[in-house]
Each structure stands twice: as C-alpha cells, then as structure tokens.
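> What follows is a predicted structure for the sequence shown.
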Amino acid sequence: MSTPAVRLPRTARRPGRAAEALAGYTFLAPNLVLLGVFVLLPLVGAAVLSLQRTDGFGAGRFVGLDNYARLVGDGLFWRSTLNTALFTAVVTPLSMALGLGIAVLLNSVLPGRAFFRSVLILPMAVSGVATALMGVLVFDENSGVVDKLLRFAGLPAVPWQSGGAAAFVSVVLVTLWWRVGFNMLIYLAGLQGIGPEIYEAGKLDGASGWQAFRHLTVPMVGPSSFFLLIMNVIYSFQVFDIVFVLTGGGPRNATSVLVTYAYDTGFVTRDQGYAAAIGMVLLLVTLAFTALRWRTSRSRDLVG
Amino acid sequence: MSAPTTRLGTVPAPTRPRAGRRRRERTLLTLRLVLALAVSVVLLFPLYWMVVVSLSSRAELLGGDLRFWPRDLTLENFRRVLDSFPVLTWFGNSVAIAVVVALLTVAVNLLAGYAFAQLRFRGSGVLFLLALSTLMLPVQVIMVSLFRLVTGLGLYGSYWAVILPTAASAFGVFLARQFLIAIPRELVEAARIDGAGHLAVFLRIVLPLSKPLIAVLFFMSLLQTWNDFAWPLIALKDNALFTLPIGLLYLQGQFGSDYGGTMAFALLTVAPMVVLFLGFQRYFVQGFARSGIR
C-alpha cells in the first residue's frame, strides 16, 4: 500500500497547478452533471413553464405572467399559502422547543441515556407514508385511540376528519412526532460542545436552574438553533407526505398546503404551467426567508 | 461528542454532599427519569399500536373494543396482504433502487467532496456555493418540469427515473467536504511529491480514511431513498415497479379501512429501516457531529 501506483521520473514531478485544476474538475464532473441535468435544468424549465399555458402534458403556449396574475385571484392558492404559513409558524417553534427540552434532559445525569436517545430518534427511520398511516389509525374519528382515551376521560369526541381545525391539529401532532427526534439530535450535538465549567461558574454566581438554562444554555446552542430554524422552516414550506396521506388537504381544503396544491394542479388537473407558477412562488418565499434569516443572524453576530 | 462515561465523570462530588442535598439530587433524578419515560411512551406508542393492530384479528378490530393487547394473536393480516399484493416485488424494487442510489451518492459525493476539500483550482468556491444552493431548492418547485424532462429522456416509469434525480442531492457533498477537510494537506502533498497521481492519492489515502464518512453517506442515502415518497409517486406508473411507500398507499386505497392489513404492510416496510437505524445510529449521530452541522 505504501508505494504509489504511478511513479513519475524524479525530474518531472513537481505537480503543476494545471494538473490539480484538471483533477478538480474531473472529480467534480459526475456530481455537477447530475445536479446540472436533474436540478438546475428543471429549475430553468420550471421558470419557463410557469410562463406558459399547457394542456395536459403537451407543449405549452407562451402567455407571459398570466399564471401569476391568476394566482392573485385564486382563493385556494391563498388558503394553501395561509395554511403553509400557519403550519410553519406552529411546527417550527414547537419542534425546536421540544427538541431542546428533551436534549437538555438527555444531556443531564440520567440512567439509560443511550436507550432513551435511541427511542426518541426512532421515528426518523419511519417513512412519511407509514407515519401518516399511523396517524390515520390513532386519530380515526370512530375507532381511533385518541378518541377512546378522550371518552375514557369523559371528554367530548374531536372531529379529527370532519372538522377543519381538528384535522389541522392532527397534521401538526403527527409532524411533531416525526420531527422532534431530529431537533433533539442536533441540539444534543450542540450541548455536548458546552464545557461543564461554564455551568459551574454560573452556579457559583448563584444562577438558578432556569437562569442557567435561559442565559447559558440557550445562547450557547445558538448555532444549532440557527441551523434548525432554517431546516424546520424549509421542511414546513415543503410538507407533503403527511398532509397528502393523512388528510389529502381536506376537509374542505382546511389542510391544503402549497405543495399539495401544486401536486393536484400539476398531476391531477394537469394544469402544468399553473403548477410551475405555484412552485416558483414557493421558491421565492424560501429564498426570501433564507436571505432574511442569513442577514439578521450575521448582523446579530457582529453586534453581539 | 464524548462517550457517556466521561460525561458522567464530569459531574464530580468534590466535597461529600450532605444528606439533604443528596436526597434532593435523588428526587431530581427520579423526576428526570419519569419525564424521559413519559416522553418515550408517547413516542413509542404509535409504533407499538401498529404492531398490535397488525397482529389483531379482523373480528376483534371490527368489534371496536380494542384492548392494548389483543386476545388472540394472528398472522392472518400478513397472509392476506402477501396474497393480495406483489409485496415481495415491491420490496425488491425498494432494495434495488435504494442500494443503487446509495452507491451512486457515495461515489459521486466522495469525489466532489475531495475536490472541494483538498484541491485548489479556479472556480472551486463558486461551484461549491452553486452545489450548496441547490440544497435550499424544494424538490416540489421543480417536480413538474423534472417530470417533463424525465419523460423527454424516455425514462418515465423506469427505475432510472427515480434513481438519477434522487442521486443528484447536494447534501452529501457538503457532508463529504466537511469531513475530508480534516485530512492534513501535507499528507496529500507528500504523496504527490512521491509521484502519486490525484486518482492514486484518492484511492490509497483518502478512501481508507473515509470509512466512517462512507458509512454515514451510504446509510443516510439508503434511509432517505427507502422512505422517499413524492418523487417516486410521480416518476413510477407501473404497479410492478412500485417502491414500498407507493405500494403502501396503493394498498391502503384498495383495502380501505382494513387497518389490520394496512398496518401489517406498514410494519413490513418500516421494520428493515428501524432495525438498520438502531444498529447504525451511533455512526449517524457521529456523522452529524463531525460534519460540523451544529
């Protein structure tokens, strides 16, 4: 193993910059070809398609910004946008708070920590479809476990399938079940980078448990929070499996989100140009959020 | 990042705690334990319930008074599902697609990660940013035009329609670059001065050092592809080429409210990854920690 395969004469050695550049491009080529063909090319295609009027899967006719103009007056589009925003605003802070809470718990003195960690991140291994089907099972209006428990506790039944708000809550709860483990994992990694001497110093200064958490833990896991905020928001903008399988966007569009609407438009009613326009809106919102978040975090780091 | 034993060791008792304090600590410990158990029970319950329902007889499920453990355990749901649907074919499809994607991902991302981490060349920074920016791109934004592209290439409805777009993910590039940047440049340069070509350096130095990275990349890609739903749903049309999640949805559509059968199949699709995940999670956690995503 110690002798290199290729032996060049000693005089010709000194590997040149050109050779290194050539090697660099060659090593990158497979990756760049895949990304170029299957990500960047379709992205350009989506932008062009969003300016077209299409019939089914046939070639489109250029209509300028008509699709975007149509979005403005489309009630279902606004409903889906609102639902996506609401879903994001609820799921992101909840999954981060729960994830941090559980991570702090698992980072403290606790017997069987490895066991608990395994249990808590287990949902990450389950597919979205299976997760949603378990949700169907647990939240069934007639035979679901949750309603059995409610009845047992003498509480009224909840219309998980027929009530809009209840259906939305069930989507959020199932999502949290699926996502909290990931948040916990990232926070746990962040917490393990904090030295115990910081807490000891805090204790000497007379900080209570809550004060230590608020003024030491939360700032120290700032980078994890930043990463998770972006990941959770992007995930929430794109939520699909859970909604598609658990509620199908119903009842009466109460859980319709941008992606399920785009899917229905593109592949059920086959209005592909319009679906592409919905996708472009999703992209713009994602980019705007990322840029905004990036800027605020940079400036905060500079100030603080 | 360190092992639990050393972390436990960081909670010292420099002076012998007095009895009152020790009692308080014990109460606190019990409280934590109860909390951890409660959270675990809530999170494990749906999985447990899936197992119970899949093992319950139809009569018992229809009877309505389901208990937390069924009276008569039965495998009839599994038999019914296996008899009515090409489950083994779907299983094979999932394995084939996930393994090919994982191998492709490892190869492609390792090469690119090495180039970004160790080689200096014009445009490397811009190309890295370009690759990274595709991370932010929701797949759903491009699904319609990707569908048209795949159809135009004549791939629609084939394995490759799922494999190639799935393998084009930038996340692995990022992970690989972060990992490989830790290899000392001197090591690479010394080998180069000894006359090794770039490929030789990659094969003989980088590859043997990358085993943990390869394991993480392979496993993460396998898990993701195995569970992927939206794109295979769009890219596959033929029942015989379905992957497990698509098959699961199809079966649910056919079986309606046959929860026993649906959960039996759901269990079959979930079990392999859960087992692998439990075995692999140590590397998985380390992979996240070492890649600096924190």
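Received the coordinates, thanks. Numbers count the residues shown, from 1 in each chain, chains lettered A, B, ... in the order given.

> Domain map for the chain?
Going with chain A. What automatic domain parsing lists as the domains of chain A is A:17-61, A:73-302.

> think we crossed wires, I meant chain B
Using automatic domain parsing, chain B is parsed into the domains B:20-75, B:85-290.

> What residues does residue A:178 make contact with?
With contact taken as Cβ atoms under 8 Å, 6 or more residues apart in numbering or on different chains, residue A:178 is in contact with A:123, A:124, A:126, A:128, A:131, A:242. In this view, the C-beta of every residue, glycine as well, is placed from N, C-alpha and C.

> In helices, which of those fall?
A:128, A:131, A:242 (DSSP state H).

> how about stretch B:257-272 against chain A, any contact?
Yes - using Cβ under 8 Å from any Cβ of the partner chain, stretch B:257-272 reaches chain A at B:259, B:262, B:263, B:266, B:269, B:270.

> Just send the domains of chain B back as JSON lines, with mean neighbour count too.
Formatted as JSON lines, these follow (neighbours: other Cβ atoms under 10 Å in any protein chain shown):
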{"stretch": "domain B:20-75", "mean neighbour count": "14"}
{"stretch": "domain B:85-290", "mean neighbour count": "20"}
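
> any chance of those in CSV, plus mean pLDDT?
Conversion of those to CSV gives the following (pLDDT from 0 to 100):
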stretch, mean pLDDT
domain B:20-75, 85
domain B:85-290, 89
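
> Would you mind giving those domains as a markdown table with distance to residue A:262 added?
Converted to a markdown table, the domains of chain B look like this (distance: least, Cβ to Cβ, whole Å):
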| stretch | distance to residue A:262 |
| --- | --- |
| domain B:20-75 | 29 |
| domain B:85-290 | 6 |
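
> can you map out the helices along the stretch 151-300 of chain A?
Using DSSP state H, counting those that start in this stretch, the helices assigned to the stretch 151-300 of chain A run over residues A:164-191, A:196-204, A:209-212, A:218-220, A:222-237, A:241-246, A:258-263, A:272-303.

> how about those in TSV, adding distance to residue A:99?
Output for the helices of the stretch 151-300 of chain A, formatted as TSV (distance: least, Cβ to Cβ, whole Å):
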stretch	distance to residue A:99
helix A:164-191	3
helix A:196-204	20
helix A:209-212	18
helix A:218-220	13
helix A:222-237	7
helix A:241-246	18
helix A:258-263	23
helix A:272-303	18
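
> Least reliable of those by average pLDDT, please.
Per-stretch mean pLDDT for those is lowest at helix A:272-303 (a mean of 79).

> what about it, distance to the chain center?
Put simply, helix A:272-303 sits 14 Å off its chain's centre (Cα atoms, centre = their mean, to the nearest Å).

> Would you agree residue B:263 is in contact with residue B:48?
No - using Cβ atoms under 8 Å, residue B:263 is not in contact with residue B:48, being 11.3 Å away.

> can you list the ones in helices among the contacts of residue A:178 in TSV and add neighbour count and distance to chain B?
Shown next, in TSV, are these (neighbours: other Cβ atoms under 10 Å in any protein chain shown; distance: Cβ to the nearest Cβ, whole Å):
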residue	neighbour count	distance to chain B
A:128	23	6
A:131	24	8
A:242	25	10
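
> Relative to residue A:204, which of those is nearest.
The nearest member of the ones in helices among the contacts of residue A:178 to residue A:204, counting by Cβ to Cβ, is residue A:131 at 45.8 Å.

> still on that earlier bit, closest one of the residues of stretch B:257-272 next to chain A to residue A:33?
Lowest distance from residue A:33 to the residues of stretch B:257-272 next to chain A (Cβ to Cβ) belongs to residue B:269, with 32.2 Å.

> Now the phi/psi pair for the closest one, please.
Per-residue torsions, residue B:269: phi -80, psi -30 (degrees, to the nearest 10).

> hang on, it packs against residue B:246?
No - using Cβ under 8 Å, residue B:269 makes no contact with residue B:246, being 10.4 Å away.
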